[in-house]
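In: The sequence and its predicted three-dimensional model are supplied below.
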Amino acid sequence: MFDILAIEDDQRMRELLKEILSRNGCSVFTAKNGEEGIGLLERRTFDLIITDLKMPDIDGITILSKARELNPENLVIVITAYGTVESAIEAMKLGAYDYIQKPFEPEELMLVIKKALDYKRLADENLRLSSQLESCRSEELIGTSPRMTEVKILMERISPLDTTVVIEGETGTGKNLVAKTIHRISKRSSGKFLSINCGALTETLLESELFGHEKGAFTGAIKQKQGLFEAAHGGTLFLDEINNASLNMQIKLLKVLEEGRIMRIGSTESVPVDVRIIAASNIPIKKEVDEGKFRQDLYYRLKVVTVTMPSLRERRDDIPLLAHHFLDRYRERFNKEIQGFTTEAMDTLLTYDWPGNVRELEHVVERGVILEHGKKIGISSLPAELRSRPKEIMSSKSVMRLEDMERQLIQSALRFFNGKRDSAARALGISTATLWRKLKKYNLD
Ligand SMILES: Nc1ncnc2c1ncn2[C@@H]1O[C@H](COP(=O)(O)OP(=O)(O)OP(=O)(O)O)[C@@H](O)[C@H]1O
Ligand SMILES: [Mg+2]
């Protein structure tokens with residue numbers, strides 16, 4: 001429940017405020033003049049302060065500055081008489097959060113108040129996240145969503161064992177990071193963590209990288225070379241993009257896994273290797289098996305444990321935490337004083353689809369830190385593709401017609417204001433006459 005302080009000299013207005021706010025589930029404290037209001041402000045904190053601007057003793061502007069002086073986080077909404085919007089705008093320049101004009105409808109008042117309380121909630125949430133971040137900074141793998149917690153629990157369980165692990169997930173979901181973390185918390189952590197991308201090299205090069213070669217094994221092999229399997233002895237070898245290894249290479253890998261020994265190219269003797277294998281793929285390997293692109297025997301040998309990384313859109317709860325994590329990183333790197341994200345920007349981050357997952361989010365935040373000149377990363381510092389894709393209205397399947405959207409907006413505004421046309425028109429930013437015309441056009445009478 002929110003605690004709200006209402007300072008208003010007019011008794012009827014004071015009672016009206018109290019009634020509307022209580023009815024909407026707020027706990028309301030009232031003060032009949034500025035002095036009483038400031039007295040209360042000095043004694044305790046409120047989630048929101050509503051003050052009349054014009055009062056005989058101490059005026060609303062003085063209360064506003066006093067409230068902000070006592071606590072810069074104090075949210076103040078001013079009430080202004082009809083026709084004196086200038087003074088309200090003046091108050092907003094001095095730090096008032098919003099204003100409401102007398103006379104007002106209860107719904108209008110609640111609209112302004114709900115917006116302020118949402119803002120307050122977000123500001124508190126930002127604070128909470130920063131402290132949460134502090135406690136998990138050491139872990140590096142950020143995320144507290146159920147899906148991410150599952151991954152972390154599985155990681156803890158399998159790390160101490162020497163089993164082979166397959167990590168599957170879309171690009172940018174953190175497969176490399178998870179592989180490194182598994183190594184770091186395993187009993188092999190004092191050994192090396194080496195990785196190779198199976199899709200980036202030709203078959204011969206990959207083979208010589210993995211197994212090494214004897215001097216003179218092929219043209220260019222001017223001296224003996226140790227392969228990664230040997231170099232990672234006692235540690236972990238990460239085979240990234242294993243799905244891109246050729247079928248021929250897959251046979252060779254299966255052999256190593258089964259025998260625990262390798263043979264350098266050009267050698268006739270095999271040597272034992274003690275390496276834990278972690279493999280990653282950005283498409284489900286099972287699918288590749290079904291299509292005949294991946295050997296079933298190798299697949300079964302590898303997938304003793306499979307860690308499936310959730311895409312970012314499957315764990316949107318983690319977006320704020322991740323965004324703040326990257327903000328911290330890049331704020332420091334670029335030496336900027338940015339404190340957070342505007343509500344609008346965070347909303348955009350929360351609704352975007354993130355095809356590039358955490359990597360894309362990281363780049364978006366990095367870019368935002370570079371471009372932003374204000375204290376908070378705003379929507380204008382986000383890339384255009386994030387801003388221009390309201391999720392609910394557009395999908396690959398359908399694009400909403402502008403007219404349908406207008407009709408829906410008008411309907412919901414009317415519902416919100418219980419059919420009061422002038423309030424709905426004002427909220428929509430059009431005249432009552434325009435609203436009337438549109439109602440006729442859409443048959444909404
Ligand atoms: N949970 C997370 N917490 C913090 N940073 C993360 C997290 N997941 C991913 N990252 C960061 O996002 C970036 C991409 O992660 P990573 O390289 O591990 O993804 P990937 O799944 O291996 O992608 P690809 O399939 O393209 O290789 C890295 O900078 C990584 O540090
Ligand atoms: Mg990777």
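Out: Looks like it came in fine. Ligands and ions are numbered 1, 2, ... in the order given.

In: Strands along the stretch 151-300 of the chain, start to end?
Out: Using DSSP state E, counting those that start in this stretch, the strands of the stretch 151-300 of the chain run over 165-168, 193-197, 212-213, 225-226, 236-240, 261-263, 270-272, 276-281.

In: worst average pLDDT in these?
Out: The minimum mean pLDDT among the strands of the stretch 151-300 of the chain belongs to strand 225-226 (a mean of 86).

In: What helix or strand is the most centrally placed residue in the chain located in?
Out: Per CA atoms, centre = their mean, the C-alpha nearest to the average position across the chain is that of residue 319, at 1.5 Å. Here residue 319 sits within helix 319-334, counting by DSSP states H and E.

In: Which elements pack onto that helix?
Out: Contacting helix 319-334 under the criterion 3 or more CB pairs under 8 Å, 6 or more residues apart in numbering; DSSP states H and E are the following elements: helix 106-136, strand 340-341, helix 343-351, helix 357-371. In short, each C-beta sits where N, CA and C put it, glycine included.

In: Quick one: mean pLDDT over the first one.
Out: The one in question is helix 106-136. Averaging pLDDT along helix 106-136 gives 75.

In: just the last one next, same as before
Out: Helix 357-371 shows an average pLDDT of 95 in the prediction.

In: For it, list the C-alpha coordinates in PDB.
Out: C-alpha atoms of helix 357-371 as PDB (Å, rounded to 0.1, in the frame of the first residue of the first chain):
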ATOM      1  CA  ASN A 357      20.100 -12.400 -27.100                       C
ATOM      2  CA  VAL A 358      22.500 -11.200 -24.400                       C
ATOM      3  CA  ARG A 359      25.200 -10.200 -26.800                       C
ATOM      4  CA  GLU A 360      22.800  -7.900 -28.600                       C
ATOM      5  CA  LEU A 361      21.600  -6.400 -25.300                       C
ATOM      6  CA  GLU A 362      25.200  -5.800 -24.300                       C
ATOM      7  CA  HIS A 363      25.900  -4.000 -27.600                       C
ATOM      8  CA  VAL A 364      22.700  -1.900 -27.200                       C
ATOM      9  CA  VAL A 365      23.700  -0.800 -23.700                       C
ATOM     10  CA  GLU A 366      27.300  -0.100 -24.800                       C
ATOM     11  CA  ARG A 367      26.000   2.100 -27.600                       C
ATOM     12  CA  GLY A 368      23.500   3.800 -25.300                       C
ATOM     13  CA  VAL A 369      26.300   4.700 -22.800                       C
ATOM     14  CA  ILE A 370      28.300   6.200 -25.700                       C
ATOM     15  CA  LEU A 371      25.500   8.200 -27.200                       C
END
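
In: quick one, phi/psi of residue 217?
Out: The phi and psi values for residue 217, taken as degrees, to the nearest 10, are phi -60, psi -30.

In: Break this protein into its domains for me.
Out: 3-133, 149-310, 314-387, 402-441 (automatic domain parsing).

In: Quick check: which of the ones you listed is nearest to residue 143?
Out: Residue 143 lies closest to domain 314-387 among those, at 4.3 Å (CB to CB).

In: Check whether that closest one comes near ligand 2.
Out: No. Between domain 314-387 and ligand 2, judged by CB under 5 Å from the ion, nothing touches; the nearest distance is 8.8 Å.

In: Check the offset of that domain from the chain's centre.
Out: Put simply, domain 314-387 sits 8 Å off its chain's centre (CA atoms, centre = their mean, to the nearest Å).

In: Could you tell me the end-to-end distance of it?
Out: 20 Å (CA to CA, to the nearest Å).

In: what about that domain, near ligand 1?
Out: Yes. Applying CB under 6 Å from any ligand atom, one finds domain 314-387 touching ligand 1 at 358-359, 362.

In: Neighbour-wise, which one of those leads?
Out: residue 358 (25 neighbours; other CB atoms under 10 Å).

In: need the residues of the stretch 51-200 of the chain near ligand 1, please.
Out: Residues of the stretch 51-200 of the chain found near ligand 1 (CB under 6 Å from any ligand atom) are 141-143, 169, 171-177.

In: Tell me which stretches of the stretch 1-150 of the chain form helices.
Out: For the stretch 1-150 of the chain, applying DSSP state H, counting those that start in this stretch gives helices covering 11-23, 34-43, 60-70, 85-93, 106-136, 146-158.

In: from those, which stretch is densest packed?
Out: helix 60-70 (a mean of 19; mean count of other CB atoms under 10 Å).

In: contacts for it?
Out: With contacts defined as CB atoms under 8 Å, 6 or more residues apart in numbering, helix 60-70 is touched by 7, 34, 37-38, 41-42, 49, 51-54, 74, 76, 78-79, 87, 90-91, 94-96.

In: cool, and stretch 312-321?
Out: Residues contacting stretch 312-321 (CB under 8 Å, 6+ apart): 125, 129, 132-133, 142-148, 172-173, 322, 346, 349-350, 353-354, 357-358, 360-361.

In: at 6 Å what do you get?
Out: For stretch 312-321, contacts defined as CB atoms under 6 Å, 6 or more residues apart in numbering pick out 129, 142-143, 145, 147-148, 349-350, 353-354, 357-358.

In: and if you look at stretch 362-373?
Out: 323, 326-327, 330-331, 334, 336, 338, 377, 381.

In: Just the buried residues of those residues.
Out: Buried by 16 or more other CB atoms under 10 Å: 323, 326-327, 330-331, 336, 338, 377, 381, out of those.

In: now for the residues you listed, which pair is the farthest apart?
Out: The farthest-apart pair in those, when distances are taken by CB to CB, is 323 and 336, at 15.0 Å.

In: name the element the residue lying closest to residue 108 once chain neighbours are set aside belongs to?
Out: Take residue 108 and drop its neighbours on the chain: the residue closest to it by CB to CB, 6 or more residues apart in numbering is residue 423, 6.2 Å away. Take DSSP H and E as the rule and residue 423 turns out to sit in helix 421-428.

In: What residues of that helix count as buried?
Out: 423-428.

In: I'd like these laid out as a markdown table, including pLDDT and distance to residue 22.
Out: Formatted as a markdown table, these follow (pLDDT from 0 to 100; distance: CB to CB, whole Å):
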| residue | pLDDT | distance to residue 22 |
| --- | --- | --- |
| 423 | 83 | 22 |
| 424 | 86 | 25 |
| 425 | 88 | 29 |
| 426 | 83 | 25 |
| 427 | 78 | 24 |
| 428 | 84 | 29 |
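
In: Kindly reformat those as JSON lines containing distance to ligand 2.
Out: As requested, the buried residues of helix 421-428 are exported to JSON lines (distance: CB to the ion, whole Å):
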{"residue": "423", "distance to ligand 2": "54"}
{"residue": "424", "distance to ligand 2": "51"}
{"residue": "425", "distance to ligand 2": "53"}
{"residue": "426", "distance to ligand 2": "52"}
{"residue": "427", "distance to ligand 2": "48"}
{"residue": "428", "distance to ligand 2": "48"}
